[in-house]
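Visitor: sharing a sequence plus its predicted fold:
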Amino acid sequence: MTNLADFRLAVFPGDGIGQEITEPTVRLLQAAVRRVGGFSLTCETYQAGAGTYRDQGVALPAPALRAARAADAILLAAMGLPEVRYPDGREIMPQVDLRMELGLYAGVRPVKPLPGVRPVLSDPRAEGADYVIIRESTEGLFAPQAPGTRDGDREARETLVITRRTSEKLFDFAFRLAEERGGQRRVTSVDKANVFQAFVFWREIFAERARAFPGVEASYAYVDAFAATMVQKPWQIDVAVTENMFGDILSDLGAALMGGMGYAPSADIGDEHAVFQPCHGTAPDIAGRGLANPTAMILSAAMLLEWLGRRHGVAETHRAARLLRRAVEAAFAPGTLVTCELGGSAGTRAVFDAVGVALERTEAD
Ligand code: ATP
């Protein structure tokens, strides 16, 4: 941060639909900031991703990584293209490298259906669902220090890594979030401790850390049962914390329960840095056609503002976040803005226009 009220953002449009939803999101973000006042955002855009790898031979150029490290926060759309790969066949996903580089262990995935978006679940109580899945994002089954092995055509193995160091920080993050939300004040450990010793260890650490937060209930669920709860009784969930692979799967389920990938925002948060990006990928099947739903990206930008506000104690950033959220809610509330992923005709432009108009009409609190 250069001074108290000016925050520097590193912005990464990435690939595919990322290129279509980034610039208008930054415009909305700046409009919300202007409406509220009291702080400013300086946004610098950097190219990285599969397209950059194809053009420059490097997916995350050193200046872009330096800028990401130096920024107060990072706004990223999506990276990766199925046809552009490293010589060994792996997909190019510098956003995952960034998580490791910057130690972004807490993947925060809110699940809160927007009123006015066609409900996916038929039980009307599901419309009141408002919970957060925290996906550990640096180890588990994706731990870079324990890559899988393959023995010819005989067998292949993967390793699930749970460390005390990361788990303690992750659980503290989850319990603090439940306190801040002030809702049901419950954190659920979502694991498979009935089968794997790594999750027995995980639960031991979870129970230890829970004792430091007596005002928050600690509960436990096996991941299979938890997936069913997300569908059958989602209103009973508050904060759920889980391993990387389980979180990858459950957060896509959460996105689907909100109406589709285009509605699901997320944040990857560490001790010093944070990246805000929608849950979805680059959606090559719809890229370049103006069909991408930008709602997840706009809501991710609101999460960015909230995080800056908490970190730096700036109340105005929270007000700007609330304004942006309320504009999204107002745009969808009448039920007439039906995005393409739900069979409607509202594409990228229509959603941005509707949120932009709502932003102008919505009072900042
Ligand atoms: P990644 O592996 O990078 O997460 P993915 O292969 O899982 O990506 P996505 O790019 O997230 O897939 O796309 C999954 C499906 O959701 C695709 O059919 C895509 O068109 C759709 N989709 C993703 N994002 C959006 C969006 N913003 N608006 C509309 N549809 C979307």
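Guide: In hand now; what should we look at?
Visitor: who are the contact partners of the most centrally placed residue in the chain?
Guide: Geometric centre of the chain, nearest residue: residue 266, 1.3 Å, by C-alpha atoms, centre = their mean. With contact taken as C-beta atoms under 8 Å, 6 or more residues apart in numbering, residue 266 is in contact with 107, 108, 109, 110, 251, 276, 277, 278, 279, 296, 300, 303. No exception for glycine: its C-beta is placed from N, CA and C like everyone else's.
Visitor: the last one: neighbour count?
Guide: Right, the one you point to is residue 303. 23 (other C-beta atoms under 10 Å).
Visitor: give me the pLDDT value at the residue of the stretch 201-350 of the chain found nearest the ligand.
Guide: Nearest to the ligand, among the residues of the stretch 201-350 of the chain, is residue 281, at 2.2 Å (C-beta to the nearest ligand atom). Reported pLDDT at residue 281 in the predicted model: 96.
Visitor: residue 96 too?
Guide: Reading off the model, residue 96 has pLDDT 89.
Visitor: give me every residue that touches it.
Guide: residue 142 are the contacts of residue 96 under C-beta under 8 Å, 6+ apart.
Visitor: and residue 100, how many residues sit next to it?
Guide: 16.
Visitor: er, residue 361 I mean
Guide: 10.
Visitor: what's near enough to touch it?
Guide: Residue 361 touches residue 330, counting by C-beta under 8 Å, 6+ apart.
Visitor: returning to what we had before: most neighbours out of the contacts of residue 266, which is it?
Guide: residue 278 (29 neighbours).
Visitor: can you verify that one is assigned to a helix?
Guide: No. Going by DSSP: H, G, I helix; E, B strand; the rest coil, the assignment for residue 278 is coil, not a helix.
Visitor: next, the distance between the ends of stretch 334-353.
Guide: 15 Å (C-alpha to C-alpha, to the nearest Å).
Visitor: state the mean pLDDT of that stretch.
Guide: 96.
Visitor: per-residue confidence for the closest residue to residue 309 other than its chain neighbours?
Guide: In this structure, residue 309 finds its nearest non-sequential neighbour in residue 317, 3.5 Å apart by C-beta to C-beta, 6 or more residues apart in numbering. Listed pLDDT for residue 317 reads 97.
Visitor: and the residue of the stretch 201-350 of the chain closest to the ligand, how many neighbours?
Guide: 22.
Visitor: residue 183 too?
Guide: Neighbour tally, residue 183, other C-beta under 10 Å: 12.
Visitor: tell me the phi and psi of it?
Guide: phi -90, psi -120 (degrees, to the nearest 10).
Visitor: ok, now residue 218?
Guide: Torsion angles, degrees, to the nearest 10, at residue 218: phi -100, psi 130.
Visitor: and residue 206, what does it touch?
Guide: Residue 206 touches 167, 171, 189, 218, 220, 241, counting by C-beta under 8 Å, 6+ apart.
Visitor: hmm, the third one is touching residue 223, no?
Guide: No. The pair residue 189 and residue 223 does not pass the contact test of C-beta atoms under 8 Å, sitting 10.0 Å apart.
Visitor: higher neighbour count, these two?
Guide: Taking other C-beta under 10 Å, residue 189 and residue 223 do not tie; residue 189 has more neighbours (24 against 19).
Visitor: which residues does the more buried one contact?
Guide: Contacts of residue 189 (C-beta under 8 Å, 6+ apart): 202, 203, 206, 218, 219, 220, 221, 241, 242.
Visitor: now whichever strand or helix holds the third one: mean pLDDT?
Guide: Yep, that's residue 206 we're talking about. Taking DSSP states H and E as the definition, residue 206 sits inside helix 197-210. Average pLDDT, helix 197-210: 98.
Visitor: likewise stretch 137-149?
Guide: Rounded mean pLDDT across stretch 137-149 is 91.
Visitor: ends of it, what's the gap?
Guide: 21 Å.
Visitor: number of nearby residues for the closest residue to residue 234 other than its chain neighbours?
Guide: Excluding its sequence neighbours, the residue lying closest to residue 234 (C-beta to C-beta, 6+ apart) is residue 129, at 3.8 Å. Using other C-beta under 10 Å, residue 129 has 21 neighbouring residues.
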